[in-house]
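Visitor: Generate a structure from the sequence data that follows.
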Amino acid sequence: MNFIISSCIGHLWLLIDVIMWFHRERRAELLAKWRAKGGVFLIGYTNFRNLSLAKNMKDRHMAREICYALQDGPDILICDEAHLIKNTKADRTQALKQVKCQRRIALTGSPLQNNLMEYYCMVDFVREGFLGSSHEFRNRFQNPIENGQHTNSTLDDVKIMNQRSHILMNS
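Guide: Residues are numbered from 1 along each chain as shown. All right, here's what the predicted structure looks like:
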């Protein structure tokens with residue numbers, strides 16, 4: 001059942017992911033209304049990516065309107081299953097990083113797969129630049145931590161690994 005729930009949460013406008021079922025003109029209209037009135041907009045990653053990157057949209061004007069509403073609309077962006085934001089070059093991550101908002105929250109119940117670049121990507125999404133560029137992060141944290149994990153690592157490698165891990169854990 002596709003429907004829009006409005007004014008059932010005080011004065012909030014709740015726009016659910018079913019927006020993809022509507023005709024393109026109706027999508028732009030609903031997004032503009034959401035942007036103007038405020039409220040909660042729930043959408044899946046794939047639909048968000050497709051809408052905000054104007055995937056499969058021939059009407060450039062309509063695509064710009066939809067992109068504008070999505071990218072300049074929210075005060076806060078909350079991403080569930082944030083472990084899916086694990087590649088800085090992925091379309092999903094790029095689409096989400098284009099959103100201009102005051103706050104970002106990343107929720108995940110899945111541990112990162114012992115991959116420091118996935119950790120970097122999630123932190124960079126929430127607080128861009130906090131850990132430096134990906135190149136700086138790799139040199140400052142990833143390489144020293146990984147160098148200290150080998151069976152043939154020197155005592156200095158292990159010491160540096162522990163120091164860098166401690167810095168990350170307390171950041």
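
Visitor: Neighbours of Ala69, how many?
Guide: The tally of other residues near Ala69 (other C-beta atoms under 10 Å) stands at 23. The C-beta positions use only the backbone N, C-alpha and C, and glycine is treated the same way.

Visitor: Verify the stated contact: it with Ala28.
Guide: Yes. Using C-beta atoms under 8 Å, Ala69 makes contact with Ala28 at a distance of 7.3 Å.

Visitor: For the helix or strand that Glu136 is a member of, C-alpha coordinates in PDB please.
Guide: Glu136 belongs to helix 134-137 when assigned by DSSP states H and E. Output for helix 134-137, consisting of C-alpha atoms alone and laid out as PDB, is shown next (Å, rounded to 0.1, in the frame of the first residue of the first chain):
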ATOM      1  CA  SER A 134      42.100   9.100   3.300                       C
ATOM      2  CA  HIS A 135      45.800   9.300   2.300                       C
ATOM      3  CA  GLU A 136      46.700  11.000   5.600                       C
ATOM      4  CA  PHE A 137      44.700   8.400   7.500                       C
END
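
Visitor: where's it relative to the chain centroid, distance-wise?
Guide: With C-alpha atoms, centre = their mean, to the nearest Å as the basis, the distance from the averaged C-alpha position of helix 134-137 to the chain average is 19 Å.

Visitor: Next SSE downstream of it?
Guide: helix 143-147.

Visitor: Report the mean confidence score over that following helix.
Guide: Throughout helix 143-147, pLDDT has a mean value of 95.

Visitor: what's in contact with it?
Guide: For helix 143-147, the external contacting residues (C-beta atoms under 8 Å, 6 or more residues apart in numbering) are 116, 153, 157, 160-161, 164-165, 168.

Visitor: Filter these down to the buried ones.
Guide: Among these, those scoring as buried are 116, 157, 160-161, 164-165, 168 (criterion: 16 or more other C-beta atoms under 10 Å).

Visitor: tell me which of the residues you listed is nearest to Phe137?
Guide: Distance to Phe137 across these (C-beta to C-beta) is lowest for Leu116, with 7.7 Å.

Visitor: okay, now the closest residue to the closest one other than its chain neighbours: neighbour count?
Guide: Across the structure, with C-beta to C-beta, 6 or more residues apart in numbering as the measure, the residue nearest Leu116 apart from its sequence neighbours is Gln142 (4.4 Å). Burial of Gln142 is recorded as 18 neighbouring residues (other C-beta under 10 Å).

Visitor: Having no further points to raise, I will conclude here.
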